[in-house]
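J.: Below: sequence and its predicted model.
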Amino acid sequence: MSTVYGKYGPAHPWLAKLASAAAHPVCRILFARSHVHEPDSAFARERMESLRARLARGETTYLAGLGIAGHNSGAALVEVSERDGVRLLSNDEEERFTGVKHFGGYPEQSIESLKQRLASMGLGPRDLHAVLLSWNYINLDCFGIQSALEHFPGSLALARKNAIAIFNLFEIGPSVRKGPGRLAKQFGLDAPLPLISMGHHENHAAFSYAVSPFNHSDKPVIVTVLDGFGDDGAISLYVAERGRLQRLRSNDSLCDSLGCFYSVISSTQGGWTVLSSEGRYMGAVAWGDSDRLTNPYYRRLRQIFHFGEEGQVRVNRKLAHWHIGGERDAYTQLLRDITGDPIPSEKMWNPDAVLRVEDTQHAAATRERVDLAAATQLVFEDVLFHVVDHLIRTTGSDQLVLTGGTALNCLANMHLVDRYDEEWYRRNLGKRTRLHVWVPPTSGDAGVTMGAAYNFALRSGVRPGPSLKHAFWCGRAPAANEIASALENDAEVESCTLGNISDPDQQTQIADLMARIVAEDGVVGLFQGPAETGPRALGHRSILANPCNPRTLETINLRVKFREPIRPLAPMATLAAARRFFELSAGGADDQYNAYHYMVLTARARPDAYSTIPAVVHRDGTGRVQIVREEDDPFTYAYLQAMGRRLGVEVSVNTSLNVGSPIVQTPSQALGALKRAKALSGLVLIANDGQTWFAWPAAAPCPEAVKEWTAPRAAAATG
């Protein structure tokens with residue numbers, strides 16, 4: 001037997017477990033008195049039985065999912081029927097209304113949007129069959145007690161206010177217990193509204209499986225939730241068959257966490273705040289040494305994890321210190337010896353809350369920093385492969401759903417698909433197949449509000465409904481008067497009307513106008529329909545630019561988004577163009593390559609891409625592809641077709657419509673982004689009835705293409 005080096009697991013496991021078990025009945029009673037119930041409570045069972053009875057009578061019911069404390073709060077609405085199963089109607093994210101990225105307070109504006117949506121359907125709050133919460137907050141309180149005692153007395157530091165960057169475990173409970181009364185007041189009810197507190201990881205898994213292309217498969221589907229942490233663990237593994245989700249294992253640890261590892265290293269070595277650091281650090285990986293044999297940091301950093309039997313993963317507490325000090329004090333001296341000193345929180349840059357973007361100063365991308373980023377990515381992938389390998393071997397499955405915050409690591413997802421190919425299955429399992437992977441656009445905590453409602457429905461025996469085709473579920477499409485009012489009340493912006501895309505001919509003409517501006521190296525914002533839910537802009541709140549000009553990357557990063565030069569640009573493309581320029585894996589081909597719709601799966605560029613669309617080929621020769629289908633987004637598809645006529649490629653640069661803020665939600669927020677960016681030619685705004693405007697900064701010239709467009713129309717109006 002090999003010798004295990006390091007220190008793994010809690011110092012006082014029995015003390016911690018005993019305290020958690022003793023606290024659970026107390027917490028359960030305390031929350032129940034505030035009308036917050038667990039999923040196995042008598043109240044929850046009654047709601048499930050009632051749901052089954054209503055469906056059996058042919059009724060349609062509605063469930064709301066809420067995130068009311070933690071981070072990424074919001075409100076979701078789903079419809080449940082015997083005929084259609086579970087169907088998503090909306091997922092409003094509170095950060096889009098407040099302008100505060102990952103906002104975690106009470107989601108007042110999201111709930112207001114939910115009220116309006118119900119009213120538009122002729123329904124009210126009393127028509128909600130159940131209201132489900134995105135965490136099991138009763139478990140979370142007990143889990144916090146367990147974690148604080150596992151390394152007693154040192155781990156009591158986890159109770160400090162800022163020990164965990166995203167929230168304080170011990171402040172959430174009181175906030176949640178106020179929820180039923182506050183919600184009743186907002187809904188105009190005369191009594192507190194009972195809430196059911198659903199398991200966090202199970203919420204991730206339920207939604208991600210139920211809307212995947214595998215949701216009606218007769219074969220087992222494996223689901224991984226590798227998170228920062230949930231309410232009973234950091235890694236949870238599931239298998240789903242015929243609409244039923246079964247948990248295989250949770251690691252029952254706050255600290256043995258792949259998500260926490262990546263967040264801590266990316267933040268303290270990258271210099272960005274947690275939840276803003278991970279994607280930026282992944283962008284730096286391409287600039288570093290990604291060879292396990294030659295990377296100067298990899299072999300020593302790899303010691304931070306121990307790989308156990310049955311896919312178990314444990315963090316080496318000789319290197320990590322977050323089991324005691326949390327994210328604010330995460331380093332031992334041994335880890336400092338490997339990586340160097342961490343960047344302190346007061347010196348970190350929060351890229352999602354920038355007041356003067358033009359004053360932003362970025363740290364240099366030195367060889368040491370990018371090599372460490374590459375080593376961190378390699379260790380991350382080692383853990384992912386270890387967990388998934390065990391699941392595949394024990395279940396024999398060839399269908400995998402990845403979810404939890406770590407599933408947004410699109411580079412690891414590509415390497416996973418590459419690894420478990422036809423040859424691997426033939427050699428190891430004797431099967432003629434390969435791994436098929438799907439990742440939702442909301443694998444992070446923007447997805448658990450929807451997940452809570454889906455989880456409740458699946459637990460009630462409801463079958464999954466339609467699979468997900470797009471991500472446009474956040475908020476409502478802007479009305480024409482909202483856009484007109486925003487334009488009229490902003491003296492720093494000028495605008496003109498372009499027509500109405502509801503008319504097919506006008507849609508083609510307006511799409512061609514936008515493609516002309518972009519082909520002439522302009523940069524255009526696109527604001528249409530409901531916003532995307534999740535962290536990626538996918539054509540409804542996007543900034544579009546020329547993929548054929550190699551200088552586009554510099555223009556966007558330095559003069560539009562004011563972000564690090566190492567950040568790549570993503571390609572938006574039709575399916576035909578995506579296949580022409582990138583090596584799309586058969587492992588992502590299900591449902592017309594649905595896995596490539598959400599910028600969650602990287603693909604290698606083909607040789608023609610380097611010379612033809614260099615702006616969207618990252619330094620490592622990959623692109624985070626987004627495929628657009630006409631049936632899901634007709635106008636953006638028409639724009640890509642126009643790009644094909646103008647430039648010979650049905651491809652565009654696509655990055656999110658935001659500058660130092662979350663993705664914009666309202667017309668006014670969109671105009672704010674237009675004014676903050678220094679190289680944005682203009683903004684196309686489309687109302688819910690198809691009316692379309694073009695806006696540009698009053699201090700800048702109107703693009704020539706727009707002048708030529710409006711001149712004959714103005715002449716006709718005055719003639």
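T.: The structure has been received and is ready for your questions.

J.: residues contacting Pro125?
T.: Neighbouring residues of Pro125 by Cβ atoms under 8 Å, 6 or more residues apart in numbering: 115, 118, 187-189, 193. (Glycine included, C-beta is placed from N, CA and C.)

J.: and with 7 Å instead?
T.: Going by Cβ atoms under 7 Å, 6 or more residues apart in numbering, Pro125 touches 115, 118, 187, 189.

J.: again with Thr612
T.: Contacts of Thr612 by Cβ under 7 Å, 6+ apart are 548, 649.

J.: Once you drop chain neighbours, what's closest to Tyr106?
T.: Once flanking residues are discounted, Tyr106 sits nearest to Ile68: 5.6 Å by Cβ to Cβ, 6 or more residues apart in numbering.

J.: And the strands in the stretch 51-200 of the chain, which stretches?
T.: According to DSSP state E, counting those that start in this stretch, the stretch 51-200 of the chain carries its strands in the segments 61-67, 74-81, 85-93, 128-133, 195-197.

J.: Hmm, I typed the wrong one, I wanted the stretch 251-400 of the chain.
T.: For the stretch 251-400 of the chain, strands defined by DSSP E, counting those that start in this stretch occupy the ranges 305-307, 313-315, 399-403.

J.: Need the contact partners of the second one.
T.: Contacts made with strand 313-315 from outside it, assessed by Cβ under 7 Å, 6+ apart, are listed as 8-9, 235, 255-256, 258, 261, 304-308, 383, 386-387.

J.: In helices only, show me these.
T.: The helices in this structure, assigned by DSSP state H, contain 258, 261, 383, 386-387 from those.

J.: can you list contacts of the one helix or strand Phe635 maps to?
T.: When secondary structure is defined by DSSP states H and E, Phe635 falls within helix 634-647. The contact list for helix 634-647, computed with Cβ under 7 Å, 6+ apart, reads 501, 507-508, 511-512, 514-516, 518-519, 528, 539, 548, 572-574, 628-630, 649-652, 686.

J.: Please repeat the previous calculation with a cut-off of 6 Å.
T.: Contacts of helix 634-647 from elsewhere in the structure, counted by Cβ atoms under 6 Å, 6 or more residues apart in numbering, are 501, 507, 511-512, 514-515, 519, 539, 548, 574, 628, 630, 650, 652.

J.: coming back round to it: the residue nearest to Tyr106 and Pro180 touch, don't they?
T.: No. Taking contacts as Cβ atoms under 6 Å, Ile68 lies outside contact range of Pro180: 9.8 Å.

J.: Same drill for these two, tell me which one is more crowded.
T.: With neighbours defined as other Cβ atoms under 10 Å, Ile68 and Pro180 compare such that Ile68 has more, 31 against 22.

J.: what separates the more buried one from Pro192, distance-wise?
T.: Computed with Cβ to Cβ, to the nearest Å, the distance linking Ile68 and Pro192 is 13 Å.

J.: Please report how far the closest residue to Ser113 other than its chain neighbours lies from Ser175.
T.: In space, Ser113 comes closest to Asp92 once its chain neighbours are excluded; the distance is 4.7 Å by Cβ to Cβ, 6+ apart. In this view, Asp92 and Ser175 are 19 Å apart by Cβ to Cβ.

J.: Mind checking which of these two has more residues around it?
T.: Asp92 (28 against 18).

J.: Look up which residues are beta-bridged to the more buried one.
T.: Counting by DSSP bridges, Asp92 is bridged to Ala75.

J.: can you pull the pLDDT of it?
T.: Looking at Asp92, its pLDDT stands at 97.

J.: ok, it - contacts?
T.: Under the criterion of Cβ under 6 Å, 6+ apart, the neighbours of Asp92 are 74-75, 110, 113, 474-475.

J.: if we can go back for a sec, for Ile566, which of the strands of the stretch 51-200 of the chain is the nearest?
T.: Shortest distance between Ile566 and those, using Cβ to Cβ, is found for strand 85-93: 27.2 Å.

J.: returning to that earlier point: out of the contacts of Asp92, which are buried?
T.: Neighbour counting by 16 or more other Cβ atoms under 10 Å classes 74-75, 110, 113, 474-475 among those as buried.

J.: Please report how far the nearest residue to Ile686 once chain neighbours are set aside lies from Pro667.
T.: Leaving aside its sequence neighbours, Ile686 sits nearest to Gln528 (Cβ to Cβ, 6+ apart; 3.8 Å). Separation of Gln528 from Pro667 (Cβ to Cβ): 11 Å.

J.: same question, Gly154
T.: Distance check for Gly154 against Pro667: by Cβ to Cβ, it reads 51 Å.

J.: what does Thr555 give?
T.: To Pro667, Thr555 is 25 Å away according to Cβ to Cβ.

J.: quick revisit: out of the strands of the stretch 51-200 of the chain, which comes closest to Arg369?
T.: strand 85-93 (31.6 Å).

J.: now that closest one against strand 61-67, angle please.
T.: Regarding strand 85-93 and strand 61-67, their directions subtend 30 degrees when assessed with axes from the mean of the first three to the mean of the last three Cα atoms, to 10 degrees.

J.: Now do the contacts for the nearest residue to Ala374 once chain neighbours are set aside.
T.: Nearest residue to Ala374 in three dimensions, chain neighbours excluded: Gly288, at 3.0 Å (Cβ to Cβ, 6+ apart). Counting by Cβ under 6 Å, 6+ apart, Gly288 touches 370-371, 373-374.

J.: Return the subset of those lying in helices.
T.: Of the positions in these, 370-371, 373-374 sit in helices, assigned by DSSP H.

J.: Show me just the buried residues among those.
T.: Neighbour counting with 16+ other Cβ under 10 Å marks 370-371, 373-374 as buried within the ones in helices among the contacts of Gly288.

J.: you'd agree Ile235 is up against Val225?
T.: No. Here Ile235 does not reach Val225: they are 7.1 Å apart, not a contact under Cβ under 6 Å.

J.: Nearest residue to Asp252 in space, please, no chain neighbours.
T.: Gly233 (5.0 Å).

J.: which ones are touching the one you found?
T.: If a contact means Cβ under 6 Å, 6+ apart, then Gly233 has 250-252 as its contacts.

J.: any chance you could read off phi and psi for it?
T.: Geometry field for Gly233 lists phi and psi as phi 170, psi 180, criterion degrees, to the nearest 10.

J.: Likewise for Ser134?
T.: The phi and psi values for Ser134, taken as degrees, to the nearest 10, are phi -80, psi -10.

J.: just for the stretch 51-200 of the chain, where's the confidence low?
T.: Regions of the stretch 51-200 of the chain meeting the criterion pLDDT under 70 cover residues 163, 165-170.

J.: pretty sure Gly451 belongs to a helix, no?
T.: Yes. Going by DSSP: H, G, I helix; E, B strand; the rest coil, the assignment for Gly451 places it inside a helix.

J.: Just want to check the distance between it and Arg476.
T.: Distance, Gly451 to Arg476, by Cβ to Cβ: 22 Å.

J.: which one of those two has more residues nearby?
T.: Regarding Gly451 and Arg476, a neighbour count based on other Cβ under 10 Å identifies Gly451 as having more, with 35 against 17.

J.: Can you name the residues that contact the residue nearest to that one when sequence neighbours are not counted?
T.: Distances taken as Cβ to Cβ, 6+ apart place Asn203 nearest to Gly451, at 3.2 Å, with adjacent residues excluded. With contacts defined as Cβ under 6 Å, 6+ apart, Asn203 is in contact with 134, 448, 451-452, 455.
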